[in-house]
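1. I'd like to go over a predicted model; first the sequence, then the structure.
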Amino acid sequence: MPKNPGRTALYRLYDSGDVLLYVGIAADPRERWTQHAIDKPWWPEVTRRDVEWVPSRFDAETAEREAITSEKPRYNTQHAIAELSSEEAAALFAEYKAAYEAERRLKEPMRQAALRELEQGTTLKALAHATGLTQETFRRIRDANDIPVDPRYQSRAELARARKEALKSTSPGGPS
């Protein structure tokens, strides 16, 4: 056990050709290496271990992330960023990621705007046309917020449901 519990070891493991195999952190690196010896199939390749003591766990985690990203050890998977094989794929993935992040950012404001539009009587069809989403998306928003449907825009299925509910409430033995 280390003498100073705040200190954390940042360690690098190399093979006989000085190829970096793994970067890790541990309060007790010897104990961690024993675990690696048990559960890592690459452990027999390790011939050299370098240890650097860092003042805190947080600092060690930051240094580990930076080392894995920049030094690209062979067996680290956490924090590793794979290189893409083509610039075309990289550009497409970056565009997709930006669109996905924009969608996540806009989802709640869009839902709130749709809610206001529904309250003003905008049709499901108009909202679907304006957004590219389905009418069902807006039907769910409307129903979840108990927004009444303008009878002029009710679908046949909605009218049938309303009639059925009305019949239940007026039939003998039903709610009155």
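-> Structure received.

2. hang on, Ile147 packs against Glu117?
-> No. Using CB atoms under 8 Å, Ile147 makes no contact with Glu117, being 10.1 Å away. (C-beta placed from N, C-alpha, C; glycine too.)

3. tell me the mean pLDDT for the longest helix along the chain?
-> Using DSSP state H, we find that the single longest helix of the chain is helix 87-119. When pLDDT is averaged along helix 87-119, the result is 86.

4. Buried residues, that helix. List them.
-> 110, 114-115, 117-118 (16 or more other CB atoms under 10 Å).

5. now swap in stretch 28-44 and tell me
-> Using 16+ other CB under 10 Å as the test for burial, stretch 28-44 gives 29, 33, 36, 40, 43.

6. Tell me the one among those nearest to Lys72.
-> Distance to Lys72, by CB to CB, is smallest for Lys40 among these, at 17.7 Å.

7. Do you have the strands of the chain handy? List them.
-> Ranges of strands in the chain, per DSSP state E, are 8-14, 20-26, 48-54.

8. contact partners of the first one?
-> Read it as strand 8-14. Here strand 8-14 makes contact (CB atoms under 8 Å, 6 or more residues apart in numbering) with 2, 20-29, 32, 36, 46-54, 56-57, 59-60, 63-64, 67, 71, 73.
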